[in-house]
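A.B. asks: One predicted model, sequence on top.
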Amino acid sequence: MKLHFIGVGKMGLPMARHLAAAGHSVTVSDPSPERCQLARAQGLAESTSPAASLAAAEVVLSSLPNDEALLAVAAQVAAHAHVGVIHVDTSTVSLQASAEAAQALAAKGVLYLRCTVSGNNKMAEAAQLTVMASGPRAAYDSVLPLLKVLGPNQFYLGEAEQARLMKLVVNLMIAQTSAMLAEALTLGRKGGLDWQDMWQVLGASAVASPIVKAKSAQLSQRDFTPTFTVEQMIKDLALILGAGVDSHVPLPQTALTFQLMQAALAQGDGQDDYAAIIRTVERSAGLPAD
């Protein structure tokens, strides 16, 4: 199948590479020359003419950073792709921007699938992403073999923006897990518990969720190398809070976590892992953060 992949960042690049390894003809494009160079180094073909690649593609995929990028790419796809092409977008964006993109694409006969993914860049590298999809069911059935290349779990959720909302629901819980850990670990550390002992007990306890277990090896060593940064989580929390406003759903705990992330950003941790809010709470308790 002829595929064109737009956006080869930390998530998009491994996804594109897996699709190429599965035997598909994949071209890629990205506004960053550095990302395009890295894609070429990993064996992917950079498009010399994105417009021509869009015109030739049977499926267009994208992994984009924000609403503005999605709307710009949707306009490009609408302008150059042929009628009946499927646009699979994996980005985390607002429901409003996604609906606007859907309208622009439908006007040109492009089938639009919102295929959000749950998992970090390491899970993308390992082809262990969970895909949450919404859009035309026939289009989903058509690209399901592609989605299965990205990870073991795929869920079809409806015809419209359900996948966008589901991604926000998942990320709300991820963010809140980091806030829970920040308070619990700070309480234990301030009371004299050993940092690594706490992680061993948490990993063997009833609260040892997959996300806690996934974080334990790194955070038990106080390693805040990012899989998803504080700045990225702030962006997602803003989307989550906006969705709450739109649906008249109070999200007081999420609002507090958003403020903790802002504090982490102000304290210089914006490019560290979002779990760096642990250090934010530690500082507030008078503990050294490192």
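C.D. replies: Great, that's in hand.

A.B. asks: Need the contact partners of stretch 177-184.
C.D. replies: By CB atoms under 8 Å, 6 or more residues apart in numbering, the residues outside stretch 177-184 that reach it are 209, 211-212, 215, 219, 233, 253, 256-257, 260, 274-275, 277-278, 280-282. Where you see a C-beta, it was placed from the backbone N, CA and C, and this is true even at glycine.

A.B. asks: repeat that for 7 Å
C.D. replies: The list of residues contacting stretch 177-184 from outside it, by CB atoms under 7 Å, 6 or more residues apart in numbering, reads 209, 211, 212, 257, 260, 274, 275, 277, 278, 280, 281.

A.B. asks: what about residue 232, neighbour count?
C.D. replies: Look at residue 232: counted by other CB atoms under 10 Å, it has 20 neighbours.

A.B. asks: Look up the closest residue to it, ignoring the ones flanking it.
C.D. replies: Using CB to CB, 6 or more residues apart in numbering and skipping residues adjacent in sequence, the residue nearest residue 232 is residue 274, 7.1 Å away.

A.B. asks: does that neighbour really touch residue 231, like I thought?
C.D. replies: No - checked against CB atoms under 7 Å, the pair residue 274 and residue 231 is beyond contact range at 8.8 Å.

A.B. asks: Between these two, which has more neighbouring residues?
C.D. replies: residue 274 (30 against 16).

A.B. asks: Now do the same contact list for that one.
C.D. replies: For residue 274, the contact set (CB under 7 Å, 6+ apart) comprises 178, 228, 229, 230, 233, 261.

A.B. asks: So for it, what's the pLDDT?
C.D. replies: For residue 274, the model assigns a pLDDT of 97.

A.B. asks: same question, residue 166
C.D. replies: Confidence for residue 166, expressed as pLDDT, is 98.
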